[in-house]
Structures are given as structure tokens and as C-alpha cells.
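Colleague: I need the structure of the sequence given here:
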Amino acid sequence: MKVRVLATAVLALAAASTAVRAADPRYPDWPCTQAKVPEISLAAVWAGPPLGDAETKWKDDAKVSALVSKLAARKTPLDEAEKSVKEFLTGSAADKVTNAKLLFAGLFDTLNAQRSQVMTGLERVSRKQRDAADKIREETLQLQALQSTTPRDEAKVEALSNDLIWKTRIFEDRHKVVRFVCEVPTAIDQRLFALGRVIQQEME
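Modeller: The predicted model follows:
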């Protein structure tokens, strides 16, 4: 009975995930309730001057590159990151503009890459979950058939039951992780927007 309950719960989760994916046919593997936005739009997070060659030159500045790595890391608290931006953007007005563009170009590039990596991982796990749900569904039917057989092979029933319990737990654990990770792209968006705002304020 326990195996059937677990399997039923997994198949219900799988059905719910399928419904979410079907909400946007452009992204059949996207498992989140949040709409998939493949890339952050520069215009949505930057109202400052055109970045120009800063989009590539930021990598050549060791100080900027190191700061970008620190600011982009989610382990760095946002208030600490904002303070670091203010401490970095000092000097003449011209220096502030130059460094601000380099810093934001680096953040935009780095955080967009992070988002892309996270979303690719989510879609990869989504495909694994779909395959896992299919296998659980198939093994549930096999178990039901074995349980109805006379005489019943208890060893096979027990082995398949244990296998189903294990696969079901893995499925449920992945589902919980996916729900948590689905929040990450939005958190990255918010981080970039907040830091971009501070950079622009300090530049002005």
C-alpha cells in the first residue's frame, strides 16, 4: 500500500509539472511556474550611457574583474555588494563614468551567464524527471501485475517494491530542489537591477 501511495504521489507531481511546462509551448522542458525569460534585457536594467567597448574591456581590468566576481556571487550580501560599489566608484566624474560602465558591463555579462547556466540545469533535471515518472508509472503497473499473479512471487514483489520506493524518493527530492532553484533566476534579476541602480546613482 505504501508503494502505491508513493507512486501515486509521484505521478500526481509529474502531471502537475507537465501542466506547467505546457503553459508555454516554446519551452517544453521549463519546469517552473515563473515565465522563462532566456536573457536579461540590457534596457530593463541599465539607463546609463551606452556601454560601448566596456562590454569586452571589463575583462582586461583585473580590479574590475575581481570586484565583478565578488558582487555577482550570491553568497555576498546585497548590502555589502552595494557598499563595495560605492567604495569603488570614486575619483573624477570621468573616472566614475568609465569605471561604472566597466563594472556594470562585467556584472551584466556574468549574471546573464549565471542565469543561463541555472536555467539549462533546470531543463536538464526536468527531462530527467519526465523520464523518471515514465519509469515509475511502468514499474507501478508491473508491480500491480505481480501482486495479482497466483501464486505470487514474493521475492520479485519485494524487490520491485523497494526499487519503486527508492525511485519515488529520488523523484520527490529532485522536485523539491527544482522548486527552490526556480527562484534563482528571479533573484539574479533582482540583484542585477539593484546593483545597476547603485552604479548609476554613484556615476551621476
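
Colleague: Give me the distance between the residue of the chain positioned farthest from its centre and Glu202.
Modeller: Computed with CA atoms, centre = their mean, the residue of the chain farthest from its C-alpha average is Pro151, at 49.3 Å. Going from Pro151 to Glu202 by CB to CB, to the nearest Å gives 79 Å. Glycine gets a C-beta too; all of them are placed from N, C-alpha and C.

Colleague: for Ser65, same thing?
Modeller: In terms of CB to CB, Ser65 sits 19 Å off from Glu202.

Colleague: What's the mean pLDDT across the helix or strand hosting Asp134?
Modeller: According to DSSP states H and E, Asp134 maps onto helix 93-148. The pLDDT scores in helix 93-148 average 93.

Colleague: show me what contacts Leu192?
Modeller: 40, 45, 107-108, 111 (CB atoms under 8 Å, 6 or more residues apart in numbering).

Colleague: Count the residues that sit near Phe108.
Modeller: Neighbours of Phe108 under the rule other CB atoms under 10 Å: 23.

Colleague: That one contacts Ala44, doesn't it?
Modeller: No: if you go by CB atoms under 8 Å, Phe108 and Ala44 don't touch, sitting 10.6 Å apart.

Colleague: Between the contacts of Leu192, identify the one with the most neighbours.
Modeller: Among those, Leu107 has the most neighbours (other CB under 10 Å), with 25 neighbours.

Colleague: distance between the ends of stretch 41-57?
Modeller: Distance between the two ends of stretch 41-57: 20 Å, counting by CA to CA, to the nearest Å.

Colleague: Buried residues in it, which are they?
Modeller: 45-46, 51, 54-55, 57 (16 or more other CB atoms under 10 Å).

Colleague: now stretch 170-181
Modeller: Here stretch 170-181 shows 171, 174-175, 178, 181 as buried, counting by 16+ other CB under 10 Å.

Colleague: Next: stretch 79-86.
Modeller: Neighbour-count burial for stretch 79-86 [16+ other CB under 10 Å]: 81-82, 84-85.

Colleague: Tell me the gap between that stretch and the middle of its chain.
Modeller: Counting by CA atoms, centre = their mean, to the nearest Å, stretch 79-86 is centred 24 Å from the centre of its parent chain.

Colleague: repeat for stretch 34-49
Modeller: 16 Å.

Colleague: Give the rounded mean pLDDT of that stretch.
Modeller: 89.

Colleague: hmm, who's touching it?
Modeller: Contacting residues not belonging to stretch 34-49 are listed as 24, 26-27, 30, 51, 97, 100-101, 104, 108, 111-112, 115-116, 119, 182-183, 185-186, 188-189, 192-193, 196, 199-200, 203 [CB under 8 Å, 6+ apart].

Colleague: ok, 7 Å please
Modeller: Stretch 34-49 has contacts (CB atoms under 7 Å, 6 or more residues apart in numbering) with 24, 27, 30, 97, 100-101, 104, 108, 112, 115, 119, 182, 186, 189, 192-193, 196, 200, 203.

Colleague: Appreciated, that's everything.
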